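Visitor: give me the fold of what follows.
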Amino acid sequence: MITSLIIEKIEEKIKLHHKLYRFPVKAEIWEDIFDQCINGMNSNWSVGGHSVGADVISEKYGVRYQMKSGEINLKNNTIKWSGHRTTKHETIEEKINFISKNHYDKYVMLARNSNEWKRGIKKYYLITFDSSLIEYSKLEWNETFSKKGKLSGWVGKNKNLPYSAKISLSMSGQLWPESDINYLGTPIEITIQ
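Guide: Sure thing, here's the model as predicted:
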């Protein structure tokens, strides 16, 4: 459970990061910060473990968290992030089966808007939601092709759902989900002064 106290700790550590570094909080840095905030400095967290499962596990409650640093589009009110790599799964059916499995309980995203950062506005959007909100098996998956007519991946959409996803073959079969922000919850803004 992410309480207001944990959110305060996250904000404090992110601001401390920016007193030392000019680049954004993402990847293992984000995982480490979050783990410190929920489990303390002496936790069992393993740095850089790009496993299929959770990035951080609550030692008190056993909740499995997937940490992401997505891109937020304020104009379209959407958030996009990178998901699983699906290269070892050959068919689209195998890929969908894999990405639909229960690998973790919650997403914790620390998204940024690239246009804000280009203008010098260093702001993060913290959003947490149940992983069950994104059901890849409910999307209708269609092939996508390059300009030369070669299979480039798949796109999954469903006009009745506020999210979609793409799988890009040129990027190790990388999954790219995108969702309406309001569907996932209300982001907490963290501005770095």
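Visitor: can you pull the phi/psi pair for the nearest residue to L175 once chain neighbours are set aside?
Guide: Spatially, and ignoring its direct neighbours in sequence, L175 is nearest to G83 (3.4 Å; Cβ to Cβ, 6 or more residues apart in numbering). In this view, the C-beta of every residue, glycine as well, is placed from N, C-alpha and C. Here the main-chain torsion angles of G83 (degrees, to the nearest 10) amount to phi -110, psi -150.
Visitor: got the contact list for G83?
Guide: 99, 165, 174-177 (Cβ atoms under 8 Å, 6 or more residues apart in numbering).
Visitor: from the chain's centroid, how far away is stretch 7-17?
Guide: Mean-position distance between stretch 7-17 and its chain equals 19 Å (Cα atoms, centre = their mean, to the nearest Å).
Visitor: state the phi and psi torsions of the residue nearest the centre of the chain.
Guide: Nearest to the geometric centre of the chain sits K68, at 3.1 Å (Cα atoms, centre = their mean). Per-residue torsions, K68: phi -140, psi 150 (degrees, to the nearest 10).
Visitor: likewise for W141?
Guide: W141 adopts backbone torsions of phi -100, psi 130, taken as degrees, to the nearest 10.
Visitor: and the helices in this structure?
Guide: 4-20, 27-39, 92-100, 114-118, 181-184 (DSSP state H).
Visitor: for those, state which one has the densest average packing.
Guide: Counting by mean count of other Cβ atoms under 10 Å, helix 27-39 has the highest mean neighbour count of those, with a mean of 20.
Visitor: for it, give the mean pLDDT please.
Guide: Helix 27-39 carries an average pLDDT of 96.
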